[in-house]
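Asks: fold the following and give me the result.
(2 chains)
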Protein chains: 2
Amino acid sequence: MKKTSTIEKNAKIVNRYLNSKIKGDPKMLYDAASHLIIHGGKRLRPHMVMKSCQILGGSTVIAMPAASAVEMIHNFTLVHDDIMDNDEMRHGVPTVHKKFGMPIAILAGDVLFSKAYQIISNAKLSNDAIVQLVSRLAKACVDVCEGQLLDVKMAEEKRIPTQNEYITMIGKKTAALFDVSCSMGAICATGNQKDISNLSNFGKNLGIAFQITDDLIGVMGDSKITKKPVGNDLREGKKSLPILMAIKSAKGEDKKVILKVFGNTKASKNELEKAVDIIRSLGIEEEVRMQALHYAEMAKKSLSNYSGTAKTELIDLLDFVVKRSV
Amino acid sequence: MKKTSTIEKNAKIVNRYLNSKIKGDPKMLYDAASHLIIHGGKRLRPHMVMKSCQILGGSTVIAMPAASAVEMIHNFTLVHDDIMDNDEMRHGVPTVHKKFGMPIAILAGDVLFSKAYQIISNAKLSNDAIVQLVSRLAKACVDVCEGQLLDVKMAEEKRIPTQNEYITMIGKKTAALFDVSCSMGAICATGNQKDISNLSNFGKNLGIAFQITDDLIGVMGDSKITKKPVGNDLREGKKSLPILMAIKSAKGEDKKVILKVFGNTKASKNELEKAVDIIRSLGIEEEVRMQALHYAEMAKKSLSNYSGTAKTELIDLLDFVVKRSV
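Replies: Just a heads-up that it's a prediction; the model follows:
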């Protein structure tokens, strides 16, 4: 597929750039900082930076520092997230704190964060562009922290959040980085604030569609493909959109079946399958897909004034994001 | 004392600015992020930013964003440090992770980090100055992470480090932030690279003198003033300059007494007092004070071309740093 190959091609370029930057002494710090990056990731965000620069007439080369910086920030959030959740595996390998210990993992995240700003501040761009990049990226990082805290709080509370609360949370936790990926790409190409704002909106809405779809897969995904237990997010008690819609819609016996497995790590495969079947019969899958499509449509609209290959590729990526099953 | 009152005056201004910036939703994130800041700290680094700006003819007002940013970065390192060391108390109150839990403490550190860059990127300075500020601050943050990893590694290894290794470690872990405080202050006032480099050298050498003195107090400090057990760093097995010099100098029975309490949290007060007396009799205190003075002299030399009140205040601060007993 042409789309995939462009992402893959860009991923290779970004990987080379990242490898050259995440280096230094003491070696152990940089081994820890590059551990997850080496072992996986599709580099969706750098791809979006590069394509958002291209759609406005910029070259992918000038977008490279911003593209790499956003991937470093993304990985910094993964490293710290895994510590907070005490997760043991990611990309099929032990998480950074499992492999290197918690203190080094905290530092590995912090150094990725620092390097991201260092790379941007040293980019061969106008000072005006660099200041805009730093300002946008810092704002996005604040949003991610706020979003993660909302997520932690939601998980701790007994109360089921509203749809609006969920959208606010993922808007900060996930979509802020997609948003800034596209706006940073735009800033590398132009000083036109209307263009930057269009790309920013594209990224933000794509990000929300991405997370909604991700959360759908977390509940309804085929366990053979996701390599996780059936109804995994249900079992883990995640308060994601499909789950909160299901709990709201279900009545009587159905509701009991869902609530019995919700957050119950001892629930049997049989019980989980039954709950997922009920959620499916309630039409939640269609409803959630519709929500994702709604944000995808808004994203698409933001690009209505543009044309060319980069636009096609961004729209392809958007379609991929809402249609994917893993 | 005049010096103290200027620091205190500046501390109040910085505190007001910090309070206005470390705010937002979710409130709990910002409560955690401001927890240590509210409960103490002399604001030495912001003071140095402001005075480094003044010595070159700039006003303290234009240095305020940089001054606050460096204090946020300093506090971010404290919050993450306390998690790494699992420390329970700081400034006489529970550490952030003890009060708010580890996940929120990680996020509190991360949001301070992000806000620091946000404040700098939005400062009312030329874009050229802002880019220099971000570049220097990001480099300093990388250095701090590298220095902290060197510290973690030194603590884990059985080997006693050399003096050079110790100086390299504190140069990154501690002095990098003092260095960048002064260079950022300079950048707020001028584009002259020679001036910026002079102030940078002043900060770096002051920072090394500061840490050496701090480490001396950690071993020889009067426990009534430090409010820590006699020979605390010895008991905790810290490989600081006075300790590594003592282990190198001591012979025969003296060496045995020192090594018996080194890293031995069960050592008695009597044993510790005996070890500290031996270290004192070896002349380590004078030798270490001489080392600190050596760096203080180098710091002083960097300011030889300047004059005026701000210079006097920076030199007063330098004297205070090397002469203090707590």
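
Asks: work out for me the element residue A:181 sits within.
Replies: If you go by DSSP states H and E, residue A:181 is part of helix A:176-189.

Asks: and that helix, anywhere near chain B?
Replies: No - between helix A:176-189 and chain B, judged by CB under 8 Å from any CB of the partner chain, nothing touches; the nearest distance is 10.9 Å. C-beta coordinates here come from the backbone N, C-alpha and C atoms, glycine included.

Asks: now for that helix, which elements pack on it?
Replies: When contacts are defined as 3 or more CB pairs under 8 Å, 6 or more residues apart in numbering or on different chains; DSSP states H and E, helix A:176-189 sits against helix A:44-54, helix A:60-85, helix A:127-156, helix A:193-220.

Asks: could you dump these into TSV and include distance to chain B and mean pLDDT?
Replies: Below are the helices and strands packed on helix A:176-189 laid out as TSV (distance: least, CB to the nearest CB, whole Å; pLDDT from 0 to 100):
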stretch	distance to chain B	mean pLDDT
helix A:44-54	17	98
helix A:60-85	4	97
helix A:127-156	4	97
helix A:193-220	15	97
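
Asks: okay, those helices, which one's buried deepest?
Replies: For the helices and strands packed on helix A:176-189, average neighbour numbers computed from mean count of other CB atoms under 10 Å in any protein chain shown are highest in helix A:44-54, which has a mean of 28.

Asks: what lies in contact with that helix?
Replies: The contact list for helix A:44-54, computed with CB atoms under 8 Å, 6 or more residues apart in numbering or on different chains, reads A:6-7, A:10-11, A:14, A:59-60, A:62-64, A:66-68, A:70-71, A:74, A:177-178, A:181-186, A:188-189, A:199, A:202-203, A:206, A:308-310, A:313-314, A:317.

Asks: again, but for stretch A:239-246
Replies: When contacts are defined by CB under 8 Å, 6+ apart, stretch A:239-246 is touched by residues A:154-155, A:160-163, A:166-167, A:212, A:215-216, A:218-220, A:233-234, A:258, A:262, A:278-279, A:282, A:284-285, A:287-288, A:291.

Asks: how far away from the center of its chain is that stretch?
Replies: In terms of CA atoms, centre = their mean, to the nearest Å, the centre of stretch A:239-246 is set 18 Å apart from its chain centre.

Asks: for stretch A:210-221, same thing?
Replies: Chain-centre distance of stretch A:210-221: 12 Å, with CA atoms, centre = their mean.

Asks: what do you get for stretch A:84-99?
Replies: Here stretch A:84-99 is found 17 Å from its chain centre; the criterion is CA atoms, centre = their mean.

Asks: in that stretch, which residues are buried?
Replies: A:84, A:90, A:94-98 (16 or more other CB atoms under 10 Å in any protein chain shown).

Asks: what distance separates the opening and closing residues of it?
Replies: From its first residue to its last, stretch A:84-99 covers 15 Å (CA to CA, to the nearest Å).

Asks: which ones are touching residue A:289?
Replies: Shown in contact with residue A:289 (CB under 8 Å, 6+ apart): A:213, A:216, A:322.

Asks: count the residues that sit near the residue nearest to residue A:247 when sequence neighbours are not counted.
Replies: Closest residue to residue A:247 apart from its sequence neighbours, by CB to CB, 6 or more residues apart in numbering or on different chains: residue A:160 at 5.6 Å. Per other CB atoms under 10 Å in any protein chain shown, the neighbour tally for residue A:160 reads 14.

Asks: quick one: classify residue A:160 as helix, strand or coil.
Replies: Recorded secondary structure, residue A:160: coil (DSSP: H, G, I helix; E, B strand; the rest coil).

Asks: and the gap between it and residue A:258?
Replies: With distances taken as CB to CB, to the nearest Å, residue A:160 is found 11 Å from residue A:258.

Asks: by mean pLDDT, flag the weakest helix or strand of chain A.
Replies: Least confident element among the helices and strands of chain A, by mean pLDDT, DSSP states H and E: helix A:223-226 (a mean of 80).

Asks: may I have it exported as PDB, CA atoms only?
Replies: C-alpha atoms of helix A:223-226 as PDB (Å, rounded to 0.1, in the frame of the first residue of the first chain):
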ATOM      1  CA  SER A 223      -7.800 -10.900  20.800                       C
ATOM      2  CA  LYS A 224      -5.900 -12.900  18.200                       C
ATOM      3  CA  ILE A 225      -4.900  -9.600  16.500                       C
ATOM      4  CA  THR A 226      -4.500  -7.400  19.700                       C
END
